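Visitor: Give me a 3D structure for the following:
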Amino acid sequence: MLRKIIINISLCVPAGESAVVQTQQTVMAAAGGEAHLSCQLSQPKDVSEITWKKIVSGTGENVAFNSQFYGERVVSKFRGRVQISSSGVQNSSIVVRNVSEEDEGCFLCLFNAFPEGALKGRTCLLVYELDQPLLHVRASAAGSVISCSATGRPPPNVTLTVGQQHLHSYNCTVSVNANSTFTVTAAAVLPGPGSTNTQVGCSAAVFSGPQLTASSGFHYSFPHLHCMAHQLYSSVVTTTLHISLILKNGHHHTSPPFLRHLLTT
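Guide: Now for the predicted structure:
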């Protein structure tokens, strides 16, 4: 299931209010990790209470409160997973722990100020998943099949890199898993022998999340092949992980079944 929550939500926050309350428009968090959401006033106000709400089906569901008179309180539904991390009356922050797909969406922070009333800010949470990419190599008489698979949500970009040799054929597939993640596989067939000790590279990335890589020393080379499975991408924060896989001539590795037809092309 793609992130319909973020796309479909439409909430009116008057321009004057949004200018007074400063927030980070979008917060990224890895599944199972923590999300830090914060709001602050751009100018001092007489605030008696701050309320956090999560937008569900177009309406606000209470998450947490911070009152000058009654102190801090997290609604029972979110207790144990949401914590108020900043309890000032001019700024407020909450931490959502062990985030999952169900936590995605937009949150409101409301500063109850006198005489203005409720001053609102909005911040939206996007949750991503990305597993380490897997690089497979199989040699045969027809050539060598190089494939890279990565699983994540949203569908990751998968890129094969190295060398200047022309591709014999290539393939790009996307499959949907039972847990709503996507597996993207990029594959290439390399004809004949190539240069010695060429480094085969594979990387996977999701929008604004980490980039994971796998690499292999191999006796073939091929040009850059980029498999873009989703359009919601921006800058990539690089976190590099290397998998060293030294392959010798005649050493066979099992490749996914859908790649077998490539060897006959």
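Visitor: how about the strands of the stretch 51-200 of the chain, start to end?
Guide: 59-67, 71-74, 82-86, 91-96, 105-114, 117-130, 134-140, 143-153, 157-161, 169-176, 182-190, 198-205 (DSSP state E, counting those that start in this stretch).
Visitor: rank those strands by mean pLDDT and give me the bottom one.
Guide: Ranked by mean pLDDT, these bottom out at strand 198-205, which scores a mean of 76.
Visitor: neighbouring strands for it, and are they parallel or not?
Guide: In the sheet, strand 198-205 lines up against strand 157-161 (antiparallel), strand 210-218 (antiparallel) (DSSP bridges).
Visitor: just the CA coordinates of the first one, formatted as PDB?
Guide: What it means is strand 157-161. This file holds the C-alpha atoms of strand 157-161, laid out as PDB (Å, rounded to 0.1, in the frame of the first residue of the first chain):
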ATOM      1  CA  ASN A 157      15.800   2.700  -6.500                       C
ATOM      2  CA  VAL A 158      18.300   0.000  -7.400                       C
ATOM      3  CA  THR A 159      21.500   0.800  -9.400                       C
ATOM      4  CA  LEU A 160      24.100  -1.500 -10.900                       C
ATOM      5  CA  THR A 161      27.400   0.200 -11.800                       C
END
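Visitor: relative to strand 169-176, how tilted is it?
Guide: On the basis of axes from the mean of the first three to the mean of the last three CA atoms, to 10 degrees, strand 157-161 is oriented at 160 degrees to strand 169-176.
Visitor: quick one, phi psi at P156?
Guide: When read as degrees, to the nearest 10, the backbone of P156 gives phi -80, psi 150.
Visitor: That one contacts F207, doesn't it?
Guide: No - contact criterion CB atoms under 8 Å: P156 and F207 do not qualify, at 9.4 Å. All C-beta atoms are positioned from the backbone trio N, CA, C, and that covers glycine.
Visitor: Where does pLDDT dip in the stretch 151-265 of the chain?
Guide: Residues of the stretch 151-265 of the chain that meet the criterion pLDDT under 70 lie in 162-170, 190-199, 208-265.
Visitor: at 90 instead, please
Guide: The stretch 151-265 of the chain contains residues with pLDDT under 90 at 153-173, 179-180, 186-265.
Visitor: How much space separates the closest residue to L130 other than its chain neighbours from F207?
Guide: Closest residue to L130 apart from its sequence neighbours, by CB to CB, 6 or more residues apart in numbering: G152 at 3.9 Å. Computed as CB to CB, to the nearest Å, the G152 to F207 distance reads 10 Å.
Visitor: if we can go back for a sec, neighbour count for P156 and F207, which is higher?
Guide: Using other CB atoms under 10 Å as the criterion, P156 and F207 rank with P156 on top: 33 against 18.
Visitor: any idea how far the more buried one is from E102?
Guide: 21 Å.
Visitor: And for A178?
Guide: A178 is 16 Å from E102, by CB to CB.
Visitor: Neighbour count for the two, which is higher?
Guide: Per other CB under 10 Å, whichever of A178 and E102 has more neighbours is E102, with 8 against 5.
Visitor: Next up, the contacts around that one.
Guide: For E102, no contacting residues are found, by CB atoms under 8 Å, 6 or more residues apart in numbering.
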